[in-house]
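Peer 1: Let me see the structure of the following:
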Amino acid sequence: MTIIKDWRVILLALLFVVSVAVLGCSSMLDAVTPAYVPKSASLYVDPCDGHVITTLLLAKELRTEIGHKHRDSQTDLRRKAEDDTVKYADAIAYTDYAISQSQMFQDAVVGSDTNGIGLAQLLAGFAPGAALGLFLRKPGDKTPEQIEREKAKAVTDALVGTTKAVAEAKAVTT
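Peer 2: Numbering: from 1, shown residues only. Here you go, the predicted structure:
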């Protein structure tokens, strides 16, 4: 009977220690409480090493890790959105500047509501007169036949002059 009594005391003491540990220590209680979190949830935290969560303690740790990962992702997205906003503003500013410069050039050449006469309009009146002037003969202008005769005479005179210069050079050297 003493063995049975000792066995009961040991069992009672062990049960008491386990119950105090389980009831008194929440992390130990969480470690033995079953829970099921599918692999897809842990893949959010670590896409390469997702695993099934089977205890409450691991589920709570996963919940904390998911929160950290989400916060980091949101921070990265906010930074990317800020970067995109700056790039967008720069692109719009460059484009608006180019448009305004081109519009000013166009207004100067063609004219606009504020600048009634443009360079093209000024030249529009000059161009027909200049073109007409090319086709009209003025007093003293030479015909194409006269120009050809003068060219031929100039070539002949140049050859005669060269021949005379060569003859004179020979005479001097001899």
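
Peer 1: Helix or strand: which one has the residue sitting nearest the centre point of the chain?
Peer 2: The centroid of the chain falls nearest to Lys87 when counting by C-alpha atoms, centre = their mean (7.8 Å). Using DSSP states H and E, Lys87 sits within helix 56-110.

Peer 1: How far away from the center of its chain is that helix?
Peer 2: The gap between where helix 56-110 is centred and where its chain is centred comes out at 12 Å by C-alpha atoms, centre = their mean, to the nearest Å.

Peer 1: One more: stretch 103-114?
Peer 2: For stretch 103-114, the distance to the chain centre is 31 Å (C-alpha atoms, centre = their mean).

Peer 1: now it: mean pLDDT?
Peer 2: Across stretch 103-114, pLDDT averages out at 79.

Peer 1: same question, stretch 141-150
Peer 2: 82.

Peer 1: what's the distance between Ala41 and Leu57?
Peer 2: Using C-beta to C-beta, to the nearest Å, one obtains 15 Å as the distance from Ala41 to Leu57. The way it works is simple: take the backbone N, C-alpha and C, and place the C-beta from them, glycine included.

Peer 1: Same question for Leu43.
Peer 2: Look at Leu43 and Leu57: by C-beta to C-beta, they are 20 Å apart.

Peer 1: same thing with Ser40?
Peer 2: The gap separating Ser40 from Leu57 is 20 Å, by C-beta to C-beta.

Peer 1: who's more crowded, the two?
Peer 2: A side-by-side neighbour count of Ser40 and Leu57, using other C-beta atoms under 10 Å, places Leu57 first with 18 against 9.

Peer 1: Over to Val37: give its phi and psi.
Peer 2: Summarising the backbone geometry of Val37 under the convention degrees, to the nearest 10, its torsions are phi -120, psi 120.
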